[in-house]
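Undergrad: with the input below, show me the fold.
(chains A, B, C and D)
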2 protein chains.
Amino acid sequence: MLSKKTKYGLKALTFLATQEGRQPVSIMEIAKHENISQKFLESILLTLRKTGLLGSKKGKGGGYYLIKDPKDISMTTVMRVLEGPIAMVPCVSLNFYERCNDCPDEASCSVHLLMLQVRDSTLEVFKNNTLADLVPSRKWNPES
Amino acid sequence: MLSKKTKYGLKALTFLATQEGRQPVSIMEIAKHENISQKFLESILLTLRKTGLLGSKKGKGGGYYLIKDPKDISMTTVMRVLEGPIAMVPCVSLNFYERCNDCPDEASCSVHLLMLQVRDSTLEVFKNNTLADLVPSRKWNPES
DNA sequence: TGCCTATCCTATCAAATCGATAGGGTAATA
DNA sequence: TATTACCCTATCGATTTGATAGGATAGGCA
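TA: Residues are numbered from 1 along each chain as shown, chains lettered A, B, ... in the order given. The predicted structure is shown next:
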């Protein structure tokens, strides 16, 4: 199950991607537009900034903004930052590998074999999607 | 993250698939062979039986056994029974669909769009794998 | 300078889930 | 009839999740 953290993070990023220019957007504005708890969103945006996906500006007129072009932001990166490991099992994870203590041999483990395929196919999807691909339509009516 | 329930269930099914004939295998035997908590495994096997994936026999010499041929048991079925929805978000689930209360329009939702692709690719993997495919070293069939 | 604004940061909390365990009931077999 | 092994329910500690509170800090502006 996708966590709300990831869900909200993706929505926030997408919303920022629709903004013309790189004008900072306040937490409150994003939260209202996406129907997200403001305080919860605050912590999410904070981690996105810390991992270099967002920039921020304090004080009046401040907020968050994208640092890079949406088409240069891979879903692989975003998902790893927000959701953590892409693999469903640590023993098939590329970035968060961990051995199973109950499994004597990975090579002959049925779970390992199956989850390896799932990881690869999921990774393929994330590799083929950038933030730009998630933005519905460029000429979007902001008033709807 | 894959639950241990699913992990153990898959291992148990795989183990049963390696058994010649359809002789019942006791919970204890499976638990020992796969390093699984016996009591926890018990509840898992129970749900597998209730959903028609396993048969059981009581009394001395009893245990669990596969009802169908491993190659006729699709991972799609197994995963839905053990893990639940394959989709990461209810709004893209085929069998457990549920609307998002915070999302005004699915068609223009970035999360929806991305998770739809993930669901399809994951489903593709499960469709292409039967229990027979997970059994490690039976005389392997080069095709498929 | 002094005030407003909005990010920054830490702590806390209720609810849900997970993995595991306990303990007895019931049916089948020898 | 005694033993075996599945059947079923209840509970429990630990962890995670989603959300909230409250203040610290720094930038903008008059």
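Undergrad: dump the residue contacts of the nearest residue in space to residue A:134 that is not next to it in sequence.
TA: Spatial nearest neighbour of residue A:134, excluding adjacent residues (CB to CB, 6 or more residues apart in numbering or on different chains): residue B:110 at 3.7 Å. Quick note: C-beta positions are derived from backbone N, CA and C, even for glycine. Neighbouring residues of residue B:110 by CB atoms under 8 Å, 6 or more residues apart in numbering or on different chains: A:10-11, A:14, A:134-136.
Undergrad: and those residues, which of them are buried?
TA: A:10-11, A:14, A:134-135 (16 or more other CB atoms under 10 Å in any protein chain shown).
Undergrad: and DNA strand C, which of these reach it?
TA: Among those, none lies close to DNA strand C by the criterion of CB under 7 Å from any atom of the strand.
Undergrad: put together TSV for these, with distance to DNA strand D on each row.
TA: As requested, the buried ones among the contacts of residue B:110 are exported to TSV (distance: CB to the nearest atom of the strand, whole Å):
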residue	distance to DNA strand D
A:10	13
A:11	12
A:14	17
A:134	20
A:135	23
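Undergrad: in helices, which of those residues appear?
TA: Counting by DSSP state H, those place A:10-11, A:14, A:134 in helices.
Undergrad: and the residues you listed, which two are furthest apart?
TA: A:11 and A:134 (9.4 Å; CB to CB).
Undergrad: what would the buried ones among the contacts of residue B:110 look like in a markdown table with pLDDT?
TA: What follows is those, written out as a markdown table (pLDDT from 0 to 100):
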| residue | pLDDT |
| --- | --- |
| A:10 | 98 |
| A:11 | 97 |
| A:14 | 97 |
| A:134 | 96 |
| A:135 | 93 |
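Undergrad: which one among these gets closest to DNA strand C?
TA: residue A:11 (15.6 Å; CB to the nearest atom of the strand).
Undergrad: thought that closest one was touching residue A:34?
TA: Yes. Between residue A:11 and residue A:34 there is a contact at 4.6 Å, judged by CB atoms under 8 Å.
Undergrad: need phi/psi at the most far-flung residue of chain A relative to its centre.
TA: The C-alpha centroid of chain A is most remote from residue A:104, which lies 34.2 Å away (CA atoms, centre = their mean). In terms of degrees, to the nearest 10, the main-chain angles of residue A:104 are phi -70, psi -30.
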